[in-house]
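Chemist: Provide a 3D model corresponding to the input given below.
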Amino acid sequence: MPHATVRKTAGQRAAANPDDASAIKGLMGAETALTGAMGRFFALAEAYPDLKANQNMMQLTEELSSTENKIAFARQAFNDAVMRYNTSREQFPAVVIAGTFGFQSAQLFEITNVQEREAVKVSFN
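Modeler: You can find the predicted model right below:
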C-alpha cells in the first residue's frame, strides 16, 4: 500500500478514535514510514547533480520543507488538544461523567526514536 494511503487511513482511524492507543501508534508508524521514504527520495536526488539544479526540484524541496513544518505544527496542536482533554477529563464534574460513560484518557503523539524526530535534511551541494 502506498505511504500516502497508509498515512491517510491511519490518520482517519486516529481522528475517529483519539483515545485508541493502537490508532495513535498506527499514525506514528505511518509518519515514520513517510519520513523514511522522504529520506530515500532526497538521497536519490543527491545522486543526480542535474536534478538538483532543476527548478521543479527546487520547488519540490521548498514544498517538502513547508510540509514538514505543517506536520510539526499539527503534532503540537494534537498534543495540546490531548493535554486539554485529559486535564478536563480529570476535573470535577467531568470526572464523574467520564467515569460513568467510559471516557478514557487520550494518548499523546510521541516519537521515541531520536532520528525520527529530526526533520529531513535537504542539501543539494
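Chemist: For the rest of this, base every contact and every neighbour count on C-alpha atoms.
Modeler: Noted.
Chemist: what's the helix or strand for Ala74?
Modeler: helix 55-89 (DSSP states H and E).
Chemist: number of nearby residues for Arg89?
Modeler: Neighbour count for Arg89, taken as other C-alpha atoms under 10 Å: 20.
Chemist: How about the backbone phi and psi for the nearest residue to it once chain neighbours are set aside?
Modeler: Nearest in space to Arg89, with sequence neighbours left out and distances taken as C-alpha to C-alpha, 6 or more residues apart in numbering, is Val95 at 5.4 Å. The phi/psi pair for Val95 (degrees, to the nearest 10) reads phi -60, psi -30.
Chemist: Repeat that for the one 3 residues further on.
Modeler: The phi/psi pair for Ala98 (degrees, to the nearest 10) reads phi -60, psi -40.
Chemist: ok, and the closest non-adjacent residue to it?
Modeler: In space, Ala98 is closest to Arg89, 6.3 Å off (C-alpha to C-alpha, 6+ apart).
Chemist: so who does the one you found touch?
Modeler: Applying C-alpha atoms under 8 Å, 6 or more residues apart in numbering to Arg89 gives the contacts Val95, Ala98, Phe103, Ser105.
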